[in-house]
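# What would the 3D arrangement of this be:
(one chain, ligands or ions: 2)
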Amino acid sequence: MRSNGGADNGKKLKMNIRQPDHLNLLCDLGELTSIVTGESDIETFLALTTELVAKHLKAHVCSIYLFNSDDGDLVLKATRGLNPDAVNRVRMKPGEGLVGLCFSENRILREGDATQSPGFKFFSDAGEEPFNAFLCVPIRQGVEKVGVLVVQHRQIDHFTRFDERALKTAATQLAGAVENARLLMTLAPDKETAHPAPNLPAFIRGKANATGVAQGQVRPSSRNRKALLLEPDRSGKSYTLTEFTEALDKTVKELRQLQDKFSASLPESASLIFTAHFMMLKDKNFTGKMANRINGGENAVAVIQDIARTYIRIFATSPHAYMQEKAVDVEDLSIRLLANLKDAGPGSPTGKGTIAVAQDLYPSDILKLVADGVQGIVLAGGGITSHVTILSRSLGLPLIITDDTRFMDLPPDTRLLLDGSQGNIFINPDQKTLDLFTTKARAEKQAKSHAMKETTQTLDGKRVRLLANINLLSETRLANELKAEGVGLYRTEFPFLIRSGFPSEDEQYLIYKKLFDQTSHMAVTTVRTLDAGGEKTLSYAGAAKEANPVLGLRSIRFTLKYREVFEAQIRAILRAGTGCSNIRLMFPLISSIDEFLQAKEVVSTCARDLEIEEIHHVENIEIGMMVELPSVLPLIDEFAQLADFFAVGTNDFVQYMTGTDRANKLVADLYLPHHPAVSRGIKAIADAGRTHGIEVSVCGEMAHDPRYIPFLLGAGIQTLSVDPQFLPLVQETVMAIRMDEAKAYAKRLLKETRISGAEAVLKTRPRILES
Ligand code: PEP
Ligand code: MG
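Numbers count the residues shown, from 1 in each chain. Ligands and ions are numbered 1, 2, ... in the order given. Alright, predicted model coming up:
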């Protein structure tokens, strides 16, 4: 993208010209973007943004124009410095005036004196006469054109190349928030027709933890579940030992019912999540002590509260995170027990087609809510554990977190609409909004049921193998429906993350056995060994806090260090694979040949031990590795002679090749899958695979991105492994590509040494389908 302003000399500027404090601007914008949750309305957010940008760029004017797709106009939505009455009144078509030109041609425009520019269009309503210097940048979210961010100044030539850069970076950072704002403004119910609940606006932005859309009436939880545990019982009722025992039985039954309900759909969590609960229910020091004291004449409610609180205190103050998590289990169980004793119900919001609103949530609550047909969850003003986040996400259950505790006061007939991908909560949405989201949801569903072909080939008949990435066993159903040829990546970490202790070998065996049974007809089922650590910390693993966890004790390094954890997992996989010929094992984050050989050695040892113990297990299992680290590349041929297959984990590969944290928004513009080093790296991996006759698949997010699929195929990747819901899109994309064209295109891309060059080639990629 080039400016049409004067060509500044960077060196000269550094010496003579004001350099704005861009870092502060970005920090402030980051803060502002994160504030746009809860009650702050979107107009205020846009207004604050213009204030902030104007202040940092020392501009007299800052304005935001957003594109309205209904009428095709660019509309002034917020301004600092122009006439405030012009907001929503100043409009232009793309291509019209400098702002329209910036938008339609997607380029930065910097004018020393805009009034002299042939493209300048004067809007008398806006009161912009005295402003000469002009700088505007397009606001884009991905390929979506969102609007234009403009700054103006009285003094001719005020803006420099540095301002240009700052404004561009600001626009990038704001794009997501502004795009969201734009959507919300389009969707926001008319003020007259909206029926927000008392004291709540028509929508609120929270933090999204799952994708998908849900709607329904609100079912607030009983005032506060914790009150059962914390507040003294004022009912004056005393409960007998028999009533206590009945409450215990009822709690066991309730938990068993939950477990049964989920054993088909969520087998890994159903069997693991309540393990601690069941153990405590049988524990003499816990329920046994309660029974003794009640038998001795003490008040049952007070006894349960007392013993539970003692254990919660002990666990919660432990220096070990895994002990702290046990406090949550004790709390959950004790509340259930108290609710059953007092016949107050389990205290969770439930009901078919409803949206649950809660202040606290336990993993077991999520399962129960799903079992009861709840469509989505608003977590208002409370804390959340990683278990809850992961569980809701993998279940596709929209869950939005907000600090706004007013949700707890919503009348039960309030309707809520949750957009789990954006984090938006619409309160009593109008029909237009509901229709829009119903259509969106229907389109998503149709996309899923798209008729898949059994096999996939390019337009010129070259076979490409499509595999599925699986996190939860329940996802194998969709993978089957969408005709995945195999499982390219089974992420084994979920059963480890869902609970507060390492799952035993036997517990894991049951999980892997189910996976293998459900995928026995497939060509391959690839199990990746535990990829914990980094951003997937196991709180109970006792790991020291790391300054750089992504470069720390994660993944294969963790399992090689904690050999017994590794061996339990390998044994479970080998045992569960008895009689299966399609099972493969792979290690994540391999950084050296030594590490790969050590990991392989563990597998041999486990197989030998099982042999000696005369336990059935799969023999001669194929062993591959994920290619995720740059250190593998110079040794790729040697690795290819040792591994049975490669799976390129591009999520991490791009992260480590470019030195860019994949989860850090501040450097998101540097996380580039088309970085020439990444492209050449992928080609080298594919070449080594071909030379040594081993399969190379790609199982990171690049594999489902239509922008990158032509390159991957052209570079020699013939197997793509993607989350099941992406299979139709990937098949459609592959089937629209000619392999010869893809090869020529990959060749052109691989010639490029610069990112800008790669981006130019990317625009010329072969015909593909992009949504
Ligand atoms: C990857 O890094 O691309 C990958 C598939 O592994 P994960 O996303 O689980 O780290
Ligand atoms: Mg990875």
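
# contacts, neighbours, all on C-alpha from now
Noted.

# Contacts only, for residue 84.
Residues in contact with residue 84, defined by CA atoms under 8 Å, 6 or more residues apart in numbering, are 78, 126.

# And it, how far from residue 379?
Applying CA to CA, to the nearest Å, the value for residue 84 to residue 379 is 37 Å.

# is stretch 531-541 up against ligand 1 anywhere?
No. Legend: contact between stretch 531-541 and ligand 1 by CA under 6 Å from any ligand atom is lacking; minimum distance shown is 7.0 Å.

# Now do stretch 592-602, average pLDDT.
For stretch 592-602, mean pLDDT rounds to 98.

# Sorry, wrong one. I was asking about stretch 749-761.
In this model, stretch 749-761 has an average pLDDT of 96.

# Show the end-to-end separation of it, please.
Start-to-end, stretch 749-761 (CA to CA) is 6 Å.

# do the same with stretch 83-96
20 Å.

# Quick one: mean pLDDT for that stretch?
pLDDT averaged over stretch 83-96 gives 90.

# now the helices for the stretch 651-771 of the chain?
676-692, 709-714, 727-735, 739-751, 755-762 (DSSP state H, counting those that start in this stretch).

# Among those, single out whichever gets nearest to residue 130.
Residue 130 sits nearest to helix 755-762 of all the helices of the stretch 651-771 of the chain, at 37.3 Å, using CA to CA.

# residues from the stretch 351-500 of the chain in reach of ligand 1?
Close to ligand 1, as judged by CA under 6 Å from any ligand atom, the stretch 351-500 of the chain has no residues.

# who's the closest residue to ligand 1 within the stretch 351-500 of the chain bridged to?
Closest to ligand 1 within the stretch 351-500 of the chain is residue 491: 6.6 Å, counting by CA to the nearest ligand atom. Residue 491 has these beta-bridge partners by DSSP bridges: residue 528.

# returning to that earlier point: with respect to burial, which of the helices of the stretch 651-771 of the chain scores highest?
helix 709-714 (a mean of 25; mean count of other CA atoms under 10 Å).

# Let me see the mean pLDDT of that one.
97.

# got the end-to-end distance for stretch 229-236?
16 Å.

# Equivalent analysis for stretch 407-420, please.
17 Å.

# so how far is that stretch off the chain centroid?
23 Å (CA atoms, centre = their mean, to the nearest Å).

# Quick check: buried residues in it?
In terms of neighbour count (16 or more other CA atoms under 10 Å), stretch 407-420 has its buried residues at 407-408, 410, 414-420.

# Next up, the contacts around residue 414.
By CA under 8 Å, 6+ apart, the residues touching residue 414 are 197, 217-218, 427-428.

# scratch that, residue 674 is what I was asking about
Residues in contact with residue 674, defined by CA under 8 Å, 6+ apart, are 708, 755, 758-759.

# And for residue 755?
674-676.

# Which positions in the chain make contact with ligand 1?
649-652, 699-700.

# Next, count neighbours for residue 206.
Per other CA atoms under 10 Å, the neighbour tally for residue 206 reads 28.

# what does the model give it for pLDDT?
Looking at residue 206, its pLDDT reads 82.

# Equivalent analysis for the one 3 residues further on, please.
What the model reports for residue 209 is a pLDDT of 63.

# and if you look at residue 22?
58.

# Quick one: low-confidence residue ranges for the stretch 201-350 of the chain.
Judged by pLDDT under 70, the stretch 201-350 of the chain has its weakly predicted residues at 209-211, 220-225, 264-265, 269-273, 320-322, 325, 344-350.

# pLDDT below threshold where in the stretch 651-771 of the chain?
Looking at the stretch 651-771 of the chain by pLDDT under 70, you get 766-771.

# Report the contact partners of the residue lying closest to residue 86 once chain neighbours are set aside.
Once flanking residues are discounted, residue 86 sits nearest to residue 126: 5.2 Å by CA to CA, 6 or more residues apart in numbering. Each residue near residue 126 by CA under 8 Å, 6+ apart is listed here: 82-86, 90.

# before we move on, back to that, could I get the contacts of residue 755 as a markdown table with distance to residue 736?
As requested, the contacts of residue 755 are exported to a markdown table (distance: CA to CA, whole Å):
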| residue | distance to residue 736 |
| --- | --- |
| 674 | 21 |
| 675 | 25 |
| 676 | 25 |
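
# Which helix or strand contains residue 597?
Using DSSP states H and E, residue 597 sits in helix 593-612.

# For that helix, name the packing helices and strands.
helix 555-561, helix 563-576 (3 or more CA pairs under 8 Å, 6 or more residues apart in numbering; DSSP states H and E).

# how about those helices in TSV, adding distance to residue 53, mean pLDDT and mean neighbour count?
Shown next, in TSV, are these (distance: least, CA to CA, whole Å; pLDDT from 0 to 100; neighbours: other CA atoms under 10 Å):
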stretch	distance to residue 53	mean pLDDT	mean neighbour count
helix 555-561	42	95	19
helix 563-576	52	96	21
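
# In a helix, residue 147, correct?
No. Per DSSP: H, G, I helix; E, B strand; the rest coil, residue 147 lies outside any helix segment and is strand.

# circling back to that earlier point, tabulate the helices of the stretch 651-771 of the chain (a markdown table), appending distance to residue 514.
Shown next, in a markdown table, are these (distance: least, CA to CA, whole Å):
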| stretch | distance to residue 514 |
| --- | --- |
| helix 676-692 | 31 |
| helix 709-714 | 32 |
| helix 727-735 | 22 |
| helix 739-751 | 38 |
| helix 755-762 | 42 |
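
# between these, which one is nearest to residue 509?
helix 727-735 (28.4 Å).

# what distance separates that closest one from the middle of the whole chain?
With CA atoms, centre = their mean, you get 22 Å for helix 727-735.

# need the contact list for residue 291.
241, 244-245.

# try it again with 7 Å
residue 241 (CA atoms under 7 Å, 6 or more residues apart in numbering).

# how near is it to residue 376?
In terms of CA to CA, residue 291 sits 38 Å off from residue 376.

# before we move on, what about residue 639?
Distance, residue 639 to residue 376, using CA to CA: 46 Å.

# Those two: who's more crowded?
Comparing residue 639 with residue 376 by other CA under 10 Å, the one with more neighbours is residue 376, at 32 against 25.

# If the more buried one is in a bridge, with which residues?
Where residue 376 sits in a bridge, its partners, by DSSP bridges, are residue 355.

# Could you check the pLDDT of it?
Reading off the model, residue 376 has pLDDT 91.

# I'd assumed residue 399 was in contact with it.
Yes. Residue 376 is within contact range of residue 399, at 5.8 Å (criterion: CA atoms under 7 Å).

# Backbone dihedrals for residue 649, please?
phi -90, psi 90 (degrees, to the nearest 10).

# if we can go back for a sec, let me know the closest of the contacts of residue 755 to ligand 1.
Ranked by distance to ligand 1 (CA to the nearest ligand atom), these are led by residue 674 at 14.6 Å.

# Quick check: which ranges of the stretch 501-650 of the chain have low pLDDT?
535, 539-540, 542-544.
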